[in-house]
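Undergrad: Need coordinates for the following:
(2 chains)
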Amino acid sequence: MRHLLLASAALAFAAPAAAQTVAITNAKLVIGDGSQPVDGGTVVIRDGRVIAAGPGVAVPAGMRVVDAGGKWVSPGIFAGFTRMGIVEVDAVNTTNDASAGSSPFHAALDVAPAVNPRSSPIAINRAEGVTRAVVAPETSTGSIFAGQGAIIDLGTGGNGVSRPRAFQYMEYGEDGGQAAGGSRPAAIATFRNALFEVAAYQRAPASFLDRGKDALLTRADAEALVPVLRGTVPLLVHVERASDILVVLGLKREFPTLRLVLVGAAEGWMVASDIAAAGVPVMANALSDLPASFEKLAATQSNIGRMKAAGVLVGIGTLGQDEARQARWVKQYAGNLVALGRIPGAAGLDWGAAFATISSKPAEVMGMGADYGSLRAGRRGDVVIWDGDPLEIGSSALNVFIDGVEQPLASRQSRLKERYWEPKEGALPKAYQH
Amino acid sequence: MRTTFLLGAALGLSACATTGGKAQTASSDPAPAAGPGKGKGYSHDPYPSTYHAYPGAPTLVTHVTIFDGEGGRIDDGAVLFRDGKIVALGQNLAAEAGVTVIDGTGKYLTPGVIDIHSHLGDYPSPGVQANSDGNEATGPVTAEVWAEHSVWPQDPGFGRALANGGVTTLQILPGSANLFGGRSVVVKNVYARTMQGMKFPGAPYGLKMACGENPKRVYGSKGRMPSTRMGNIAVDRQTWARAQEYKRRWDKYEEKGGEPPSRDLAMDTLRGVLDGEIRVQNHCYRADEMAIVMDMAKEFGYKVTAFHHAVEAYKIADLLKANNTCAAVWADWYGFKMEAYDAVPENLAILEKEGACAMIHSDDENGIQRLNQEVAKARASGIKAGFTVSEEAAWKWLAINPAKALGIDDKTGSLKAGKMADVVLWNGNPFSVYTRPQMVWVDGALLYDANDPKRRPVSDFELGQPGEGDTK
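TA: Next up is the predicted model:
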């Protein structure tokens, strides 16, 4: 009996061997591109990618067909800013690979090898419909550069990393100033000096000797920043204050090849037209509305709505909001932006636009909209069937597909719930109930 | 003026310095007379509430769905309040002359949200070091500190909790660095110039205690006791033993007179707990530790009113029920430290199913703005797992249950005739993510109206700053 139970438990965690080719029919379909849901939709995924989605889409013969029964079907959630997969328990240092305060390296640090697709937050968020996530390293004192982040998938089949070294992450504003030695001017000087050094490295890599741990920029750091200077990978800059945002936009004029992304931007609404004019996208927190610091005095939940109205490309991230494990909260945040539309004087989003801020928009902000975040043809087959409106509290993911492969939805939380649903101990201790 | 007041309080005397016959204290009433006599050895209320209700119009809200906060529900109901108090609720209430009538068709009406665990004012926004006043982390036993002496009544967070969260009452606690963190204070969510102007009249004090990782980490890293969980309990027990002795000395003095024992402000607080006058609000995550703490309470003759952050409460729902101890929990926080590793989203539902006293709490300046959504999440998790809690029953988790744990359920926490008119009109079902407060009354005074920019608080700190007066 016990062996049977064990076997079934093990199966629940094993990667299912489902095909990467599947059609989901009879859906209340959300494309994720900002459009409103449509009834009677179909999604067709072949070899892990969407080949068609919409009403009236025909299902090719011989495919596995899943009838959604009129339920909501959407792209998986693309979590715009997290530290998922590189932290198990924040307060247990050995399980926390977000930052490396004692390392001589900064920009060179690469989170990809640290990503653990079996960490518990991955399973918990997967069960709530999160299928991809931006995973950023965290700065520590000594450099404004935190290192190279990744795009991860929350599937069980692979190593969890969809795209390693997908961007470089740095701090400006209050945190950047402190990391650089104590002021914003120090952060700017650090930044400009680093890029001059990178240019020197780029001209003659062989002559750019390793300068040791006391160098302003090690050889490995210079090498890691080359694609940033070239603009082949984005530079995510955490910045909140309106005047600081303008300074960062100014850096793009000085180094025109940079592909900047603003992260945070609590006061972005105050300079939204400048951000839009510069063509720089933003990954913003949705519900930040407190003057939590002097760089966020004008924080408001209307920030995203106002920036979008001004023409800024903006997605939802969760900077400083338990990045290690609560990516699932972005659904609730997007729903709140819809609610905001009913408050006089506030700027919210309509439902389609709100859903896009947690699907296609963050993917586009990262320059990866062609691969992730929507059900338009050509995108990865990340699809969720929900039992209700996915932005509404209480809705659950019924089926989660990543790259067209259906995923298990169990986690250690669901196992604990099953064990303690009846809290009292029985004929044997709880440790024997599994 | 303040010097006179503090001195008078410290001496345990009635206010003796007067000008023009009027007592010179932050409150306008003289301090209560001191001993001798049972309970009169020293003032138990030297910083009294000066809160007053603001004027409100007699108001009838009609055609609303009502959750009364005690598990009751009225569809197409009406609520009448006047002079700061709930007068009546029912399905057909006639509008008398001079009563403001609000048509609430399609809307919901509830008692104001109560957050039993907040640090607003003690860890205010902006969260700079100069404002960080929530943890007296200089010794594991600081029962002598009172959170109210740190509260900055201009924290912008109060206004957000009111406007976005419908929060009308909150308990502000000192932090969890210490085993005995100090006294809490309960406030009404109404801006005032002074802390005392917010203080909930007649609310008992709480004693914040903490078990688990925080005290052992803070003091262990300083190379002093406690550095382990066994050290935590050892220091706790030694302190309670001292408190029992202190209580014996003061009880004897107050009964029989003689030379007064020397004052110890920390022991005053613990004596208050042993006398049942002060409630223990105990930060504790793990099931096994909560069980030990409940036995420690029996050993020394006190009661734990509520465990806060009780992530593993679901594992011992039966023990909590048997001990008549409440659990205040989050909907879905987990994993940020080892003692938060075993969280389940069904925590509240399992507690309710087993008949234990349970409630939501925030411990967070953002979470306090959406406690209705946190309850909605917890309820949904229970339903999904097979235990249906009705909407009106779930509202107890944000209303009467925290009111009971704070000892103010005779005054607020539900919509009952005679109680404070702390009322929220929601612009839809408050269990939906798409719903926000439309109007919030505290003691019958309209203090937030989504349609009226003049009914939107702007704290002193925000005045003249970027973003002043925005909808937020």
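Undergrad: how many neighbours does residue 168 have?
TA: Since you didn't name a chain, this refers to chain A. Neighbour count of A:Gln168, defined by other C-beta atoms under 10 Å in any protein chain shown: 25. The C-beta positions use only the backbone N, C-alpha and C, and glycine is treated the same way.
Undergrad: other chain: chain B
TA: The number of residues near B:Thr168, taken as other C-beta under 10 Å, comes to 29.
Undergrad: is it true that it lies in a helix?
TA: No - assessed by DSSP: H, G, I helix; E, B strand; the rest coil, B:Thr168 does not belong to a helix; its assignment is strand.
Undergrad: Roughly how far does it sit from chain A?
TA: Distance from B:Thr168 to chain A, counting by C-beta to the nearest C-beta, to the nearest Å: 19 Å.
Undergrad: Any residues of the stretch 301-434 of chain A in contact with chain B? List them.
TA: Contacts of the stretch 301-434 of chain A with chain B, taken as C-beta under 8 Å from any C-beta of the partner chain, map to A:301-302, A:321-322, A:324-326, A:332, A:335-336, A:338-340, A:342-346, A:391-394, A:396, A:413, A:416-417, A:420-421, A:423-424.
Undergrad: Please repeat the previous calculation with a cut-off of 6 Å.
TA: For the stretch 301-434 of chain A, the residues in contact with chain B (C-beta under 6 Å from any C-beta of the partner chain) are A:325, A:332, A:335, A:338-339, A:343-346, A:392-394, A:396, A:413, A:416-417, A:420, A:423-424.
Undergrad: Is it possible to mark the buried ones in the residues you listed?
TA: Applying 16 or more other C-beta atoms under 10 Å in any protein chain shown to these, the neighbour count classes A:325, A:332, A:335, A:338-339, A:343, A:346, A:392-394, A:396, A:413, A:416-417, A:420, A:423 as buried.
Undergrad: which pair in those residues spans the largest distance?
TA: Pairwise distances across these peak at 43.3 Å for A:Ala346 and A:Pro423 (criterion: C-beta to C-beta).
Undergrad: In the chain, where's the longest helix?
TA: By default, I'm working from chain A. Counting by DSSP state H, the longest helix found in chain A is helix A:184-203.
Undergrad: was after chain B, sorry
TA: Per DSSP H, chain B has its longest helix at helix B:229-256.
Undergrad: That helix packs against which elements?
TA: Secondary-structure packing of helix B:229-256 (3 or more C-beta pairs under 6 Å, 6 or more residues apart in numbering or on different chains; DSSP states H and E): helix B:265-274.
Undergrad: which residues touch the helix it packs on?
TA: B:Ala143, B:Glu144, B:Arg183, B:Leu207, B:Ala243, B:Tyr246, B:Lys247, B:Ile278, B:Val280, B:Tyr302 (C-beta atoms under 6 Å, 6 or more residues apart in numbering or on different chains).
Undergrad: OK, contacts around the last one?
TA: With contacts defined as C-beta under 6 Å, 6+ apart, the neighbours of B:Tyr302 are B:Val273, B:Leu274.
Undergrad: swap in the first one?
TA: Remark: with contacts taken as C-beta under 6 Å, 6+ apart, B:Ala143 is in contact with B:Phe180, B:Ala266, B:Thr269, B:Leu270.
Undergrad: out of the residues you listed, which one sits closest to chain A?
TA: Closest to chain A out of these is B:Phe180 (22.5 Å), distances taken as C-beta to the nearest C-beta.
Undergrad: Make sure I have this right: B:Glu352 is in a strand.
TA: No - looking at B:Glu352 with three-state DSSP, it is helix, so not inside a strand.
Undergrad: Count the neighbours of it for me.
TA: For B:Glu352, the neighbour count with other C-beta under 10 Å is 23.
Undergrad: now B:Ala53
TA: For B:Ala53, using other C-beta under 10 Å, the count is 17.
Undergrad: circling back to that earlier point, roughly how far out does the longest helix of chain B sit from the chain middle?
TA: Computed by C-alpha atoms, centre = their mean, to the nearest Å, the chain-centroid distance of helix B:229-256 equals 26 Å.
Undergrad: try stretch B:347-362
TA: Taking mean C-alpha positions (C-alpha atoms, centre = their mean), stretch B:347-362 and its chain are 17 Å apart.
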